[in-house]
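In: Sequence and predicted model, in that order:
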Amino acid sequence: MTDLYNFRKDYKLDSLSKEEVDENPISQFKKWMSQAISFQIAEPNAMTLATSTPDGVPSARVVLLKSFDKNGFVFFTNYESRKGQELSKNPHACIVFDWHLMERQVRIEGVAKKVSIEESDHYFNARPESSQLGAWISPQSTFIDGRQELDDRKTKVESMFKDKPISRPPHWGGYVLKPHTIEFWQGRESRLHDRLIYIKTGEEWILRRLAP
């Protein structure tokens with residue numbers, strides 16, 4: 001059996017204080033995202049999205065952040081997938097960015113809702129053709145008999161859109177996670193990490209420090 005007890009690293013790259021962060025968490029996130037890109041983190045926009053059923057059974061998976069602003073954090077998916085079905089019944093969700101090479105994490109909690117049809121169309125039309133076809137081909141999160149079933153569906157969909165634009169399937173589109181808490185985590189020595197959390201009250205953000 002692999003011994004994981006002694007896998008240990010002391011974090012020493014950076015620190016985080018209330019005095020140095022932006023008063024707005026979206027601006028602070030933009031700063032950290034820019035640094036993650038400059039640091040050449042592989043897919044810095046990859047994030048773990050956690051959802052749950054109305055009775056609290058959780059599930060999580062990695063998806064890609066496609067945009068963000070004061071209104072929230074946007075990602076796209078199949079509305080009929082497990083995450084889509086869970087969000088339709090329980091819109092509370094959490095996303096986590098793990099930039100481990102920088103010894104950083106960002107954890108964002110909030111409520112997800114579908115973006116506008118126009119925004120979903122705009123992003124879908126900007127995707128590569130193969131990705132557009134994939135949105136029609138895959139019955140995401142459902143059981144299939146094997147790879148051949150996907151190949152057969154691919155042939156059918158390619159024939160359906162031969163010589164004409166690929167429209168966005170009605171079961172595919174975006175969500176925006178509207179945050180009510182955003183936590184920035186910076187690893188520190190001896191597991192005494194820096195954790196700063198922004199909590200939204202009305203239209204204002206309150207900044208507090210959390211124990212590691």
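Out: Okay, I see it.
In: tell me the contacts of the residue most central in space within the chain?
Out: What sits nearest the mean C-alpha location of the chain, by Cα atoms, centre = their mean, is residue 47, with 4.0 Å. Shown in contact with residue 47 (Cβ atoms under 8 Å, 6 or more residues apart in numbering): 62-65, 75, 95-97. Placement of C-beta: from N, CA and C, glycine included.
In: If we use 6 Å, what do you get?
Out: Contact analysis of residue 47 by Cβ atoms under 6 Å, 6 or more residues apart in numbering lists 65, 95, 97.
In: could you give the mean pLDDT of stretch 139-149?
Out: Average pLDDT, stretch 139-149: 93.
In: May I see the buried residues of stretch 94-109?
Out: Within stretch 94-109, the residues that count as buried by 16 or more other Cβ atoms under 10 Å are 94-99, 102-109.
In: Dump it to PDB, keeping only the CA atoms.
Out: Extracted C-alpha coordinates of stretch 94-109, given in PDB (Å, rounded to 0.1, in the frame of the first residue of the first chain):
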ATOM      1  CA  CYS A  94     -19.300  26.300  -5.000                       C
ATOM      2  CA  ILE A  95     -16.300  26.600  -7.300                       C
ATOM      3  CA  VAL A  96     -12.700  26.100  -6.400                       C
ATOM      4  CA  PHE A  97      -9.500  27.100  -8.300                       C
ATOM      5  CA  ASP A  98      -6.400  25.200  -7.200                       C
ATOM      6  CA  TRP A  99      -3.300  26.900  -8.500                       C
ATOM      7  CA  HIS A 100      -1.000  24.500  -6.600                       C
ATOM      8  CA  LEU A 101       2.200  25.600  -8.200                       C
ATOM      9  CA  MET A 102       1.600  29.100  -6.800                       C
ATOM     10  CA  GLU A 103       0.400  27.600  -3.400                       C
ATOM     11  CA  ARG A 104      -2.900  29.300  -3.900                       C
ATOM     12  CA  GLN A 105      -6.600  28.400  -3.900                       C
ATOM     13  CA  VAL A 106      -9.700  30.500  -4.500                       C
ATOM     14  CA  ARG A 107     -13.100  29.200  -3.100                       C
ATOM     15  CA  ILE A 108     -16.300  30.900  -4.300                       C
ATOM     16  CA  GLU A 109     -19.800  30.100  -3.000                       C
END
